[in-house]
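Q: Output the structure for:
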Amino acid sequence: MSSSGKLIKSLSYMSVFFAPFIVPAVIFLLIDDRDVRQHARLAYISHLIPVLALAILSILFFESGQIVNYFTVISMIIFGGAAVTAAIWNIMKGIHVLQEK
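A: Predicted coordinates:
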């Protein structure tokens, strides 16, 4: 794999910080390399996790009447943990792709 291919695959994952949906989608649509496209698709899917977690958390919070109860706190822990885990996974996967031979 060329260094530019590794950089593009890594950029798909690391874009979680600056353009989570745009970069993987553009890479998926513009690059013809099958391996790069697969990593762009996986990065796009993994970038959906924090957004979905935030959406669910927002719905739960506002539907509960903005009352902080045990259900709200547990939901924040679960969905917040899912979002943080997905971000960490993207960082680790981006570094791993850069280091593969």
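
Q: List the contacts of residue 30.
A: Shown in contact with residue 30 (C-beta atoms under 8 Å, 6 or more residues apart in numbering): no residues. Every residue, glycine included, has its C-beta placed from N, CA and C.

Q: Could you tell me how far it is located from residue 36?
A: Applying C-beta to C-beta, to the nearest Å, the value for residue 30 to residue 36 is 10 Å.

Q: Same question for residue 62.
A: Residue 62 is 40 Å from residue 36, where distance means C-beta to C-beta.

Q: Also residue 94?
A: When C-beta to C-beta is applied, the distance between residue 94 and residue 36 equals 13 Å.

Q: who touches both of those two?
A: Jointly contacting residue 94 and residue 36 under the rule C-beta under 8 Å, 6+ apart are residue 12.

Q: count of neighbours near residue 20?
A: 19 (other C-beta atoms under 10 Å).

Q: switch to numbering from 534
A: Okay, residue one is now 534; in that scheme the one you just asked about reads as residue 553.

Q: Okay, strands next: where are they in this structure?
A: Listed from the start of the chain, the chain has no strands (DSSP state E) to report.

Q: Find the centremost residue of it, please.
A: Within the chain, one residue has its C-alpha closest to the average C-alpha position: by C-alpha atoms, centre = their mean, that is residue 580, at 2.3 Å.

Q: Quick one: residues contacting the closest residue to that one other than its chain neighbours.
A: Leaving aside its sequence neighbours, residue 580 sits nearest to residue 553 (C-beta to C-beta, 6 or more residues apart in numbering; 4.0 Å). Residue 553 makes contact with 580, 583, 584 under the criterion C-beta under 8 Å, 6+ apart.

Q: Does residue 542 touch residue 567 like I think?
A: No: because the distance of 11.6 Å does not satisfy C-beta atoms under 8 Å, residue 542 is recorded as not touching residue 567.

Q: Good, we can wrap up now.
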